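Asks: mind looking at a prediction? Sequence and model below.
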Amino acid sequence: MVGKLIRVGYSEEALEAMDRDAMLAAWAVCVADGKDKPEQGTQAPVIGYDVELERKRLEFEERKFEEEQKFKWTELESQEKLKQAELGAQKN
């Protein structure tokens, strides 16, 4: 509430003197006067979408996934070989 009132022109000193009800009343006046809307020249920044960056991010994630899968597969193969060796040692 304080930030909104400061944006429409109230000073911090004036707001410090107000209680919550007074701030609400002041904001209601601002809304009624149309001061709550941004000025014509002031617009929210447009958030862009960088296709090339997203493509690179996707490629990175794909490579990361493939490497994780290779690592897991290698780990499973190692565990399987270890089990086979243990079974072979138990049979002897």
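Replies: Yes, it's here.

Asks: which helix is the longest one in this structure?
Replies: Longest helix in the chain, counting residues (DSSP state H): helix 51-91.

Asks: and that helix, how far out from the chain's middle?
Replies: Chain-centre distance of helix 51-91: 30 Å, with CA atoms, centre = their mean, to the nearest Å.

Asks: swap in stretch 83-92?
Replies: Distance, stretch centre to chain centre, for stretch 83-92: 52 Å (CA atoms, centre = their mean).

Asks: now do the buried residues in that stretch.
Replies: Within stretch 83-92, no residue counts as buried by 16 or more other CB atoms under 10 Å. Using the backbone N, CA and C atoms, a C-beta is placed for each residue, glycine as well.

Asks: and it, average pLDDT?
Replies: Over the span of stretch 83-92, the pLDDT mean works out to 83.

Asks: could you list the alpha-carbon positions for that stretch in PDB?
Replies: C-alpha atoms of stretch 83-92 as PDB (Å, rounded to 0.1, in the frame of the first residue of the first chain):
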ATOM      1  CA  LYS A  83      27.100 -60.000  -8.600                       C
ATOM      2  CA  GLN A  84      28.100 -62.600 -11.200                       C
ATOM      3  CA  ALA A  85      31.600 -62.600  -9.800                       C
ATOM      4  CA  GLU A  86      30.300 -63.100  -6.200                       C
ATOM      5  CA  LEU A  87      28.000 -66.000  -7.400                       C
ATOM      6  CA  GLY A  88      30.900 -67.600  -9.200                       C
ATOM      7  CA  ALA A  89      33.100 -67.300  -6.100                       C
ATOM      8  CA  GLN A  90      30.300 -68.900  -4.000                       C
ATOM      9  CA  LYS A  91      30.000 -71.900  -6.400                       C
ATOM     10  CA  ASN A  92      33.700 -72.700  -6.000                       C
END
